[in-house]
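Enquirer: Here's a sequence, model it:
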Amino acid sequence: MTKSKMANRYSPEVCARAVRMVFEHQGSYETQAGAMSAIAPKIGCIPQTLSGWVKQAEKDSGMRDGVTSEERDRVKAGIGHERVRRGYRVLFTRTTDIVQRLQAARQALNLAQEIARLDRFDLLILDDLSCARKDQAETSVLIEMISARYERRSIMITASQPFSGWDAVFPDKAMTVAAIDRLVHHATILEMNVESCRRRAALAAATSLSDTARDIDPVTASETEKET
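Expert: Reported below is the predicted structural model:
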């Protein structure tokens with residue numbers, strides 16, 4: 001496998017394909033967890049990582065309560081735009097993209113310079129930490145950037161997993177603790193355990209359809225069927 005393919009392994013496209021595989025083939029297994037355990041090695045991730053992607057996809061489609069990706073994006077965009085309005089410089093990027101950028105810099109032996117270039121941004125907004133690979137090379141550059149910005153510049157990170165699930169992102173517990181320790185110090189944490197707007201709309205539509213069906217006069221409906 002080439003380095004470019006490895007770097008793109010956990011791109012949003014790969015995540016979406018993995019989730020589709022679970023939904024399409026879960027009927028062949030006793031449980032959804034069984035399907036994820038079988039499919040995860042084919043993607044190159046661990047079942048816990050794939051589980052996080054599946055849960056977020058279920059939220060996005062209204063199958064599960066929680067904040068959808070679209071709702072989360074609106075929150076990030078709103079905070080970012082407000083920072084820009086107040087004169088701050090902001091970079092909004094996918095976590096996978098910034099990791100690839102830093103990995104390329106490390107291979108070129110200028111990681112420190114690349115991290116220093118990011119200092120011109122007062123706020124980095126990193127989208128979806130859970131798409132980062134559980135790999136020493138990937139997550140080590142992420143840790144270095146977080147450490148370099150600690151108490152100097154701001155970082156905003158979104159994740160579809162709670163802190164207890166970040167072991168699925170970082171290769172060892174020490175690295176997980178180091179990342180969380182630096183991120184939560186001085187941080188404002190927004191935990192959005194709310195009902196998905198898509199799920200709410202789907203339930204409302206289903207209720208409306210059910211009420212309409214009950215309002216139909218069975219005798220009138222029967223007579224209409226005979227006339228046709």
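
Enquirer: Going by residue numbers, what spans are strands in the protein?
Expert: 90-94, 123-127, 154-157 (DSSP state E).

Enquirer: Could you check stretch 52-72 and say which residues are buried?
Expert: 52-60, 62, 64, 66-69, 71-72 (16 or more other CB atoms under 10 Å). All C-beta spots, glycine's among them, are computed from the backbone N, C-alpha and C.

Enquirer: no wait, stretch 98-106
Expert: For stretch 98-106, a neighbour-count test (16+ other CB under 10 Å) marks 98-105 as buried.

Enquirer: Please pull out the lowest mean pLDDT helix or strand from this structure.
Expert: Within the chain, no helix or strand scores below helix 3-7, which has a mean of 41 by mean pLDDT, DSSP states H and E.

Enquirer: quick one on the thing from earlier: the strands of the chain: which one's closest to Leu142?
Expert: strand 123-127 (8.6 Å; CB to CB).

Enquirer: Can you list the helices and strands that the closest one packs against?
Expert: helix 69-85, strand 90-94, helix 95-107, strand 154-157 (3 or more CB pairs under 8 Å, 6 or more residues apart in numbering; DSSP states H and E).

Enquirer: I'd like these as CSV, with mean pLDDT and distance to Ile143 appended.
Expert: Formatted as CSV, the helices and strands packed on strand 123-127 follow (pLDDT from 0 to 100; distance: least, CB to CB, whole Å):
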stretch, mean pLDDT, distance to Ile143
helix 69-85, 83, 22
strand 90-94, 91, 17
helix 95-107, 89, 10
strand 154-157, 92, 12
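
Enquirer: Out of the ones you listed, the one nearest Glu13 is which?
Expert: helix 95-107 (10.2 Å).

Enquirer: The closest one packs against which elements?
Expert: By 3+ CB pairs under 8 Å, 6+ apart, helix 95-107 packs against helix 3-7, helix 111-117, strand 123-127, helix 136-149.

Enquirer: Point out the most buried one among those.
Expert: strand 123-127 (a mean of 21; mean count of other CB atoms under 10 Å).

Enquirer: Burial check on Ala16, number of neighbours?
Expert: 12 (other CB atoms under 10 Å).

Enquirer: and if you look at the one 3 residues further on?
Expert: Using other CB under 10 Å, Val19 has 22 neighbouring residues.

Enquirer: I'd like to know how far it sits from Met145.
Expert: 28 Å (CB to CB, to the nearest Å).

Enquirer: contacting residues for the residue positioned nearest the centre of the chain?
Expert: The residue lying closest to the centre of the chain (CA atoms, centre = their mean) is Asp128, at 3.8 Å. With contact taken as CB atoms under 8 Å, 6 or more residues apart in numbering, Asp128 is in contact with 12, 69, 94-96, 158-160.

Enquirer: neighbour-wise, which of these leads?
Expert: Neighbour-wise, these (other CB under 10 Å) top out at Thr96, 24 neighbours.

Enquirer: so where is this protein shaky, pLDDT-wise?
Expert: The model of the chain has pLDDT under 70 over residues 1-10, 66-67, 69, 131, 133-136, 193-228.

Enquirer: so what's Ile143 up against?
Expert: Counted by CB under 8 Å, 6+ apart, Ile143 has contacts 170, 175, 178-179.
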